[in-house]
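Peer 1: Here is the input, now give the coordinates:
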Amino acid sequence: MLVKTLKLYVLSMVLLPANMLLAQKQYDSYKGLVMAGYQGWFNSPQDGADRGWYHYRGKNGFQPGSTNIDFWPDVSAYQKTYDSPFMTKTGKPAKLYSAHDYSSVNLHFKWMKQYGIDGVFMQRFVGEIANPSGLNHFNKVLQSAIQSANESDRAICIMYDLSGIKDGDEKILMDDVAALDKKWELKRRNKAHTYLFHQGKPLIAVWGVGFNDGRKYNLKTAERIVNYLKQNGYSVLLGVPTYWRELRQDTESDSFLHSLIKSPISLCPGLSAVIINPDLTSSNL
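Peer 2: The predicted structure follows:
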């Protein structure tokens with residue numbers, strides 16, 4: 001009986017999805033990875049998100065002379081594209097993609113694997129997910145990204161962008177973290193097999209801490225967010241200004257920023273990424 005049981009146990013281990021076993025070994029630390037930020041904020045009026053030409057449009061809508069993009073993307077590899085108000089030199093509508101489509105996100109993850117990008121920080125703009133339209137869109141993008149990351153074996157990590165929020169809006173972020181963990185079981189990696197862990201816990205990044213550009217939230221807002229994440233079993237990465245060490249130029253002069261990061265967490269300054277130790281020394285990743 002013992003022999004039969006042992007054989008069954010060994011067989012069950014062999015039959016586990018190979019990509020899940022590899023991912024949990026490969027993405028147990030942020031250290032040494034080449035990661036990119038993934039906004040996923042482009043939309044088309046025909047993609048079903050009801051957000052119009054979101055992030056393509058300029059001050060006067062999306063039309064010749066008014067746009068928010070610097071370069072026109074090469075969309076020749078995309079499965080699904082949309083006619084834009086712009087015309088090519090041949091007189092045909094210039095086409096664009098939408099991040100609301102699974103095929104677009106999946107293509108991006110295939111490119112990451114092809115060109116050696118280990119994974120991405122999936123940005124969730126707190127001001128956007130506070131409204132139903134934004135929440136629906138970024139949930140759709142995240143779902144496509146998790147599925148694509150599983151298929152392409154790329155690391156994936158949630159990153160909250162605090163730009164545009166005010167003190168008190170941290171509750172939106174906290175509720176979203178709870179909802180995502182319930183849906184995707186981030187701590188167990190049962191669904192998001194390639195979710196990035198660091199120091200034995202799932203990593204969540206928070207961008208926009210310590211900037212002195214007139215934001216309507218403060219370091220105490222950030223402290224409440226960090227405490228919530230740590231208390232709920234997450235490792236934390238903070239996106240901070242370039243001169244966070246000296247507390248000058250783009251950084252608040254309040255030394256509480258240093259108090260906030262004295263516990264061992266990860267930092268992502270404007271120009272590089274470092275791991276911060278309790279004595280505020282750092283080592284490049």
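
Peer 1: List the contacts of residue 254.
Peer 2: In this structure, residue 254 makes contact with 219, 247, judged by C-beta atoms under 8 Å, 6 or more residues apart in numbering. Glycine gets a C-beta too; all of them are placed from N, C-alpha and C.

Peer 1: Let me know the pLDDT of it.
Peer 2: Confidence at residue 254, expressed as pLDDT, is 96.

Peer 1: Secondary structure class of it, three-state.
Peer 2: Judged by DSSP: H, G, I helix; E, B strand; the rest coil, the three-state class of residue 254 is coil.

Peer 1: same question, residue 225
Peer 2: helix.

Peer 1: now residue 124
Peer 2: Following three-state DSSP, the label given to residue 124 is strand.

Peer 1: Which residues are in contact with it?
Peer 2: Residues in contact with residue 124 (C-beta under 8 Å, 6+ apart) are 138, 142, 158-161, 176.

Peer 1: From the residues you listed, pick the one nearest residue 195.
Peer 2: Distance to residue 195 across these (C-beta to C-beta) is lowest for residue 158, with 8.5 Å.

Peer 1: Sticking with the closest one, tell me its helix or strand.
Peer 2: Assigned by DSSP states H and E, residue 158 belongs to strand 155-161.

Peer 1: chain center to that strand, what's the gap?
Peer 2: Chain-centre distance of strand 155-161: 3 Å, with C-alpha atoms, centre = their mean, to the nearest Å.

Peer 1: so where do the helices sit in the stretch 151-285 of the chain?
Peer 2: 170-184, 219-231, 256-260 (DSSP state H, counting those that start in this stretch).

Peer 1: so how many other residues sit close to residue 140?
Peer 2: Residues contacting residue 140 under the criterion other C-beta atoms under 10 Å number 19.

Peer 1: Please apply the same query to residue 114.
Peer 2: 9.

Peer 1: What are the buried residues along the helix or strand hosting it?
Peer 2: Element membership for residue 114, per DSSP H and E: helix 102-115. For helix 102-115, the neighbour count (16 or more other C-beta atoms under 10 Å) marks 102, 104-109, 112-113 as buried.

Peer 1: what's the closest of those residues to residue 260?
Peer 2: So of the buried residues of helix 102-115, ranked by how close each gets to residue 260 (C-beta to C-beta), first place is residue 112, at 31.8 Å.

Peer 1: That closest one and residue 155: what is the separation?
Peer 2: Separation of residue 112 from residue 155 (C-beta to C-beta, to the nearest Å): 9 Å.

Peer 1: okay, and the common contacts of these two?
Peer 2: Contacts common to residue 112 and residue 155, judged by C-beta under 8 Å, 6+ apart, are 118-120.

Peer 1: can you tell me which residues contact the closest residue to residue 55 other than its chain neighbours?
Peer 2: Leaving out its chain neighbours, the residue that sits closest to residue 55 by C-beta to C-beta, 6 or more residues apart in numbering is residue 41, at 4.5 Å. Residues near residue 41 by C-beta under 8 Å, 6+ apart: 54-55, 99, 125, 128.

Peer 1: Equivalent analysis for residue 54, please.
Peer 2: If you count contacts by C-beta under 8 Å, 6+ apart, residue 54 has them with 41-43, 137.

Peer 1: Put together a markdown table for those, with distance to residue 225 and pLDDT on each row.
Peer 2: Below are the contacts of residue 54 laid out as a markdown table (distance: C-beta to C-beta, whole Å; pLDDT from 0 to 100):
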| residue | distance to residue 225 | pLDDT |
| --- | --- | --- |
| 41 | 22 | 96 |
| 42 | 27 | 98 |
| 43 | 28 | 98 |
| 137 | 23 | 98 |
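
Peer 1: Relative to residue 261, which of these is nearest.
Peer 2: Nearest to residue 261 among the contacts of residue 54, with distances taken as C-beta to C-beta, is residue 41, at 28.2 Å.

Peer 1: And the closest one, how close does it get to residue 127?
Peer 2: 12 Å.

Peer 1: these two touch, right, residue 203 and residue 187?
Peer 2: No: Residue 203 lies out of contact with residue 187 (C-beta atoms under 8 Å); the separation is 11.3 Å.
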